[in-house]
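# What follows is a protein structure lacking sequence information:
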């Protein structure tokens, strides 16, 4: 008899603190058969697994899926397709599978890309996504600064291409979050300054981890060595706040 298809769970583990996993995520991790996570093709390290480790029962199979760190779309498509097939093989064998991601599974996440290929190749597979706390939510909490209030707008954008995307906007919202700032802090800082948001901007490195750093001067952040887990929150001064 063919076993019933397993369920694919996309699990957001949050930015770094294991206590920020949801109860639902922890409960699912406690009973799935196999846990997968994205890892660089150059090493086997996974930050997501280390965050989730306290919630993974001993003996649970943990496997890393290699994804190349490249902007080559052909290479990325090859990895997404191959890793989707690895997941499908486990699911069709009747095993429940969790795919761990930093932050939220559907916000700038490898899970989102891989899921498209799973759905295309195996539309019969049940999928459940468990949201996670994002780094910018945790950063705002660490700063005790509201992300957005009243009728304000909040823009979440990638910093991979620096600050040019912000410059291209005809209207700059009151609040902007740059994720993936990494090596592009200097360019982002320039765009934020042109938008008049520099005085109310903050940087957070390694958010949620024991060595988290809060940097309240974006110019100083731009002079620091790049850190992979860097985000920036920029806010337009309002009312009697200084510009």
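Noted; the coordinates are in hand. Please read all numbers here as calculations on a predicted model, not as lab measurements.
# List the residues that contact residue 172.
Counting by C-beta atoms under 8 Å, 6 or more residues apart in numbering, residue 172 makes contact with 166, 195, 197, 236. Yep, even glycine has a C-beta here, placed from its N, CA and C like the rest.
# same thing with residue 228?
For residue 228, the contact set (C-beta under 8 Å, 6+ apart) comprises residue 182.
# Where do the helices of the chain begin and end?
Counting by DSSP state H, one finds helices in the chain at the ranges 23-29, 47-52, 73-92, 110-121, 135-143, 164-168, 185-194, 218-223.
# I'd like to know which elements the first one is packed against.
This points to helix 23-29. Applying 3 or more C-beta pairs under 8 Å, 6 or more residues apart in numbering; DSSP states H and E, one finds that helix 23-29 contacts strand 8-12, strand 127-130.
# can I get those in a markdown table with distance to residue 138?
Shown next, in a markdown table, are the helices and strands packed on helix 23-29 (distance: least, C-beta to C-beta, whole Å):
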| stretch | distance to residue 138 |
| --- | --- |
| strand 8-12 | 12 |
| strand 127-130 | 17 |
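# can you list contacts of stretch 12-21?
For stretch 12-21, the external contacting residues (C-beta under 8 Å, 6+ apart) are 22, 25, 29, 47-48, 51-55, 100-105, 109, 130-135, 138-139, 206-209, 212, 229.
# circling back to that earlier point, from the helices and strands packed on helix 23-29, which stretch is densest packed?
Highest mean neighbour count of these: strand 8-12, a mean of 26 (counted as mean count of other C-beta atoms under 10 Å).
# and that one with helix 110-121, angle?
On the basis of axes from the mean of the first three to the mean of the last three C-alpha atoms, to 10 degrees, strand 8-12 is oriented at 170 degrees to helix 110-121.
# Given strand 8-12, what are its sheet partners and their directions?
Here strand 8-12 has these sheet partners by DSSP bridges: strand 97-101 (parallel), strand 127-130 (parallel).
# Pull the distance from that strand to the chain's centre.
From the chain centre to the centre of strand 8-12 is a distance of 13 Å (C-alpha atoms, centre = their mean, to the nearest Å).
# Stretch 197-209 too?
How far stretch 197-209 lies from its chain's middle: 16 Å, per C-alpha atoms, centre = their mean.
# So which of the strands paired with strand 8-12 is nearest residue 74?
Evaluated over the strands paired with strand 8-12, closeness to residue 74 peaks at strand 97-101, with 22.7 Å, by C-beta to C-beta.
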